[in-house]
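K.L.:
got a sequence here, can you model it:
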Amino acid sequence: MDILKYKEYEGTAEIDLDRMVCRGKILFIDDLVTYEAGTPQELRKEFEAAVDDYIETCALLKREPQKPLKGLFNVRIAPELHRALSLRALKDDVSQNEVVSRAIDAYVCTHSGVSLTVNIPESALRVITTGSSAPAQQHWETVRVVH
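P.N.:
Next up is the predicted model:
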């Protein structure tokens, strides 16, 4: 599915093969706003017109148009994971929101899978040495873990 963007809104761009038309709807709002056209070029124009019409209609009804994705959502996780998150965030002196925001940013900003960069003091790493008895230097190493 392709996504159209206009002002603060996103909408779908789909082909209805039964009716042989392009169609879509505005995403991430509770109101149902749809549009359709005969070609992809016309669909973009219809999407933009639908957004403008939605904003105008809300003004006529004296209500605010819904703003998509306000940055607030509920996440359901296992209680054990919630407890672990709470304890780790407390230990690291960061909010749970910051932890979730960083994790989502890492997920969204990678091209495939999840990539995480962690700074760990070398002394905290298990060092396997082969024949070297030299003590490890105290400095930070960047470890990149890719799943």
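K.L.:
list the contacts of the one residue sitting closest to the centre of the chain.
P.N.:
Most central in the chain under CA atoms, centre = their mean is residue 108, positioned 5.4 Å from the mean C-alpha point. Going by CB atoms under 8 Å, 6 or more residues apart in numbering, residue 108 touches no other residue. Just so you know, the C-beta spots here come from the backbone N, C-alpha and C atoms, and that holds for glycine as well.
K.L.:
list phi and psi for it.
P.N.:
phi -70, psi -30 (degrees, to the nearest 10).
K.L.:
and if you look at residue 4?
P.N.:
phi -100, psi 150.
K.L.:
what does residue 26 give?
P.N.:
Residue torsions, per degrees, to the nearest 10, at residue 26 are phi -70, psi 130.
K.L.:
gap between the residue nearest to it when sequence neighbours are not counted and residue 55?
P.N.:
Closest residue to residue 26 apart from its sequence neighbours, by CB to CB, 6 or more residues apart in numbering: residue 33 at 4.3 Å. According to CB to CB, to the nearest Å, residue 33 stands 10 Å off from residue 55.
K.L.:
pLDDT-wise, which helix or strand of the chain ranks last?
P.N.:
Lowest on mean pLDDT, DSSP states H and E among the helices and strands of the chain sits strand 140-146, with a mean of 52.
K.L.:
regarding residue 81, which helix or strand does it belong to?
P.N.:
Element membership for residue 81 (DSSP states H and E) is helix 79-92.
K.L.:
now that helix: buried residues?
P.N.:
Judged by neighbour count using 16 or more other CB atoms under 10 Å, the buried positions of helix 79-92 are residue 89.
K.L.:
for that helix, packing partners?
P.N.:
Here helix 79-92 touches helix 96-108, going by 3 or more CB pairs under 8 Å, 6 or more residues apart in numbering; DSSP states H and E.
K.L.:
give the buried residues for the helix it packs on.
P.N.:
Buried residues in helix 96-108 (16+ other CB under 10 Å): none.
K.L.:
restricting to C-alpha, output it in PDB.
P.N.:
Extracted in PDB, the C-alpha atoms of helix 96-108 (Å, rounded to 0.1, in the frame of the first residue of the first chain):
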ATOM      1  CA  GLN A  96       9.900   4.800  30.800                       C
ATOM      2  CA  ASN A  97       8.700   7.100  28.000                       C
ATOM      3  CA  GLU A  98      12.300   7.900  27.200                       C
ATOM      4  CA  VAL A  99      13.200   4.200  27.000                       C
ATOM      5  CA  VAL A 100      10.200   3.400  24.800                       C
ATOM      6  CA  SER A 101      10.900   6.400  22.600                       C
ATOM      7  CA  ARG A 102      14.600   5.400  22.100                       C
ATOM      8  CA  ALA A 103      13.500   1.800  21.300                       C
ATOM      9  CA  ILE A 104      11.000   2.900  18.800                       C
ATOM     10  CA  ASP A 105      13.500   5.300  17.200                       C
ATOM     11  CA  ALA A 106      16.000   2.500  16.900                       C
ATOM     12  CA  TYR A 107      13.300   0.300  15.300                       C
ATOM     13  CA  VAL A 108      12.100   2.900  12.900                       C
END
